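K.L.:
Structure for this input, please:
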Amino acid sequence: MKNILIIIFIILGLFFFMIGSEETQENHTNTIEKPKKTYLDTPANTYKRRIEAQNIANTIQHPASYLNSRVVTRESAKKSVKESNKRMEEQNKAIEAFMK
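P.N.:
Numbers count the residues shown, from 1 in each chain. Below is the predicted model:
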């Protein structure tokens with residue numbers, strides 16, 4: 001009789017132990033986690049990725065070719081500024097002639 005009671009208590013103890021461990025697992029799975037940052041394909045992100053890729057490409061290039069391309073870019077920028085200034089002067093002259 002004692003052996004049967006001991007076996008029943010052991011089985012009940014294991015049963016309650018298993019029930020208790022399931023609750024703790026449920027509590028861990030029910031916790032709310034912050035959403036992970038996802039990449040959104042927005043113009044800002046696309047621009048940032050292009051700049052990063054360009055920076056990487058610039059570091060891979062031979063320094064002389066990189067500096068030459070910078071010089072060419074500056075010269076073309078100066079040229080476009082001069083052209084836009086000429087256009088603005090022509091527009092101003094046309095407006096003054098129209099107003100007279």
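K.L.:
what about residue 71, how many residues close to it?
P.N.:
Look at residue 71: counted by other Cβ atoms under 10 Å, it has 10 neighbours. (Each C-beta comes from the backbone N, C-alpha and C, glycine too.)
K.L.:
State which helix of the protein is the longest.
P.N.:
As assigned by DSSP state H, the longest helix anywhere in the chain is helix 63-99.
K.L.:
Flag every buried residue along that helix.
P.N.:
Residues of helix 63-99 include none that count as buried (16 or more other Cβ atoms under 10 Å).
K.L.:
Let me see the mean pLDDT of it.
P.N.:
In this model, helix 63-99 has an average pLDDT of 84.
K.L.:
which other helices and strands contact it?
P.N.:
On a contact count with 3 or more Cβ pairs under 8 Å, 6 or more residues apart in numbering; DSSP states H and E, helix 63-99 meets no helix or strand.
K.L.:
confidence score at residue 37?
P.N.:
Residue 37 is given a pLDDT of 63.
K.L.:
and if you look at residue 20?
P.N.:
Per the predicted model, pLDDT is 68 at residue 20.
K.L.:
Repeat that for the one 10 residues further on.
P.N.:
What the model reports as pLDDT for residue 30 is 58.
K.L.:
same thing with residue 14?
P.N.:
84.
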